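Peer 1: One predicted model, sequence on top.
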Amino acid sequence: MRVSVFGLGYVGCVSAACLAGMGHEVIGVDVNQVKVDLVNAGRAPVVEERIGELIADVVGKGTLRATADVREAIGNSEVSLICVGTPSEPNGSLCTTYLERVTEEIGTALAERGGRHTVVFRSTILPGTCLNLLVPILEKHAGAGVDVGVAVNPEFLREGTSVRDFFDPPKTVIGELDPASGDVVAALYEELPGEVFRVSVPTAEAIKYADNAFHGLKIGFANELGAVYRALGVDSHQVMDVFLADRKLNISPAYLRPGFAFGGSCLPKDLRSLVHAAQRADVSVPILSHVLPSNSDHLQRAVELVERTGKRRAGIFGLSFKPGTDDLRESPLVELAERLFGKGYDLKIYDANVSLSRLLGANREYIETRLPHLAQLLADSVEEVLDHAEVCLVGTRDPDVLAALPHGEGPVIVDLVRLPDAEMRRAEPGYVGLAW
């Protein structure tokens with residue numbers, strides 16, 4: 001394919017050289033003439049493993065050249081990859097100045113060229129940037145008669161190993177405005193290994209941020225644990241060797257689906273103990289110390305969703321901290337019921353596994369302390385809650401509850417667990433997902 005790559009920094013330079021190495025005919029574009037001259041001389045404008053030899057090779061073969069002329073690049077390509085920088089503004093917001101400028105220039109060049117052309121945004125951009133900002137700029141400057149495809153194709157390249165990462169990617173993500181645009185991007189990478197995800201444009205934009213936020217979280221988490229364990233006289237690397245060996249719960253998809261707040265007899269207690277130990281050792285752990293406040297804020301989102309309905313009769317399905325048990329200790333659903341009851345809501349609660357007469361020991365003591373009025377709030381059936389409630393909070397996937405939940409008219413459904421038919425319900429009035 002004939003490809004133009006806009007921006008010859010790390011991402012653009014590596015993308016251009018690697019695509020040329022795969023046999024595509026590539027034109028690199030940059031406003032910096034020094035970068036253009038370096039590439040045309042067969043030299044890399046960035047320092048990176050293998051990039052120098054690769055650029056020398058593909059420039060020598062004639063599959064890569066560079067220019068500062070946008071019109072020349074657009075006139076000699078069928079697909080353009082936009083790899084310009086999106087740095088932070090002083091207030092932390094995303095700077096889109098360079099993206100807007102190059103999009104405008106490409107649109108103007110396309111207006112003169114005509115014919116089908118696919119514009120692929122590879123720069124890191126927040127969800128909504130492409131459709132709400134960049135596509136209107138492109139359409140304005142290209143004009144109504146120009147056939148333009150649009151896609152978002154985030155990169156997953158690590159500086160220092162970016163050439164290796166390009167040829168052996170963890171995944172390929174294509175956010176497509178339409179299938180034809182996605183087909184063009186898929187054809188670019190068809191020789192590469194790994195799974196290909198063709199998704200909506202906003203989803204593709206969001207994925208890169210999910211990745212990088214998690215990477216930063218992992219590093220901070222490991223470093224905070226290391227600092228605490230050093231203060232406690234424990235070898236953190238021995239701890240993490242065992243931690244990383246657990247592929248069932250730790251290094252796995254476990255606990256990584258958005259849902260309701262966590263609770264139970266272990267996680268809250270152990271987090272409090274660890275943070276307290278860090279404080280006693282005078283070790284700052286801002287990530288670990290904010291996990292429980294974050295969890296509380298997530299629970300509060302459910303309360304606010306109920307408040308926004310303006311309704312006063314509420315029902316809750318589920319009460320124990322984990323389905324299939326009657327353990328109410330530090331259950332987020334108990335906390336939710338307590339907050340709503342404290343705000344004067346007329347509550348009915350149904351949990352097939354919870355009977356006040358069967359609660360014993362610490363479990364009974366906990367509920368008598370946190371929600372002493374539970375007996376008058378518990379319902380005997382799903383139907384009793386549905387008959388009572390104007391808004392229902394669903395915190396369980398109990399089959400009896402799922403079968404009885406109405407569609408369309410009926411109480412507002414606040415979904416705390418992502419119901420199996422959530423995708424369909426999202427299109428219905430009266431359905432609200434907690435985090436989806």
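Peer 2: Received the coordinates, thanks.
Peer 1: In which helix or strand does Q300 reside?
Peer 2: Using DSSP states H and E, Q300 falls within helix 291-309.
Peer 1: got the angle between the helix or strand that comes right after that helix and helix 291-309?
Peer 2: Next helix or strand after helix 291-309 toward the C-terminus (DSSP H and E): strand 313-317. Going by axes from the mean of the first three to the mean of the last three C-alpha atoms, to 10 degrees, strand 313-317 is angled at 140 degrees with respect to helix 291-309.
Peer 1: which residues are in contact with the one helix or strand V242 maps to?
Peer 2: V242 belongs to helix 236-245 when assigned by DSSP H and E. Residues from elsewhere that reach helix 236-245 (C-beta atoms under 8 Å, 6 or more residues apart in numbering): A222, L225, G226, Y229, R230, N250, I251. C-betas here are computed from N, CA, C, even on glycine.
Peer 1: For E330, give its distance to L133.
Peer 2: In this view, E330 and L133 are 44 Å apart by C-beta to C-beta, to the nearest Å.
Peer 1: how far off helix 291-309 does the helix or strand encompassing E338 point, in degrees?
Peer 2: Assessed by DSSP H and E, E338 sits inside helix 332-342. Between helix 332-342 and helix 291-309, the angle comes out at 50 degrees (the same axes, to 10 degrees).
Peer 1: Quick check: mean pLDDT of helix 332-342?
Peer 2: Averaging pLDDT along helix 332-342 yields 94.
Peer 1: In the helix holding Q300, which of the residues would be classed as buried?
Peer 2: The neighbour-count criterion (16 or more other C-beta atoms under 10 Å) identifies V291, L292, N295, H298, L299, A302, V303, L305, V306 as the buried residues of helix 291-309.
Peer 1: Dump the C-alpha coordinates for it into PDB.
Peer 2: The C-alpha coordinates for helix 291-309 follow below in PDB (Å, rounded to 0.1, in the frame of the first residue of the first chain):
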ATOM      1  CA  VAL A 291      -8.100   2.400  47.600                       C
ATOM      2  CA  LEU A 292     -10.800   2.300  50.300                       C
ATOM      3  CA  PRO A 293     -11.800   6.000  49.700                       C
ATOM      4  CA  SER A 294     -12.100   5.200  46.000                       C
ATOM      5  CA  ASN A 295     -14.300   2.200  46.800                       C
ATOM      6  CA  SER A 296     -16.500   4.300  49.000                       C
ATOM      7  CA  ASP A 297     -16.800   6.900  46.200                       C
ATOM      8  CA  HIS A 298     -17.900   4.200  43.800                       C
ATOM      9  CA  LEU A 299     -20.600   3.100  46.200                       C
ATOM     10  CA  GLN A 300     -21.800   6.700  46.500                       C
ATOM     11  CA  ARG A 301     -22.300   6.800  42.700                       C
ATOM     12  CA  ALA A 302     -25.100   4.300  43.200                       C
ATOM     13  CA  VAL A 303     -26.700   6.500  45.800                       C
ATOM     14  CA  GLU A 304     -26.500   9.500  43.500                       C
ATOM     15  CA  LEU A 305     -28.100   7.600  40.600                       C
ATOM     16  CA  VAL A 306     -31.100   6.900  42.900                       C
ATOM     17  CA  GLU A 307     -31.200  10.500  44.000                       C
ATOM     18  CA  ARG A 308     -31.300  11.700  40.400                       C
ATOM     19  CA  THR A 309     -34.500   9.700  39.700                       C
END
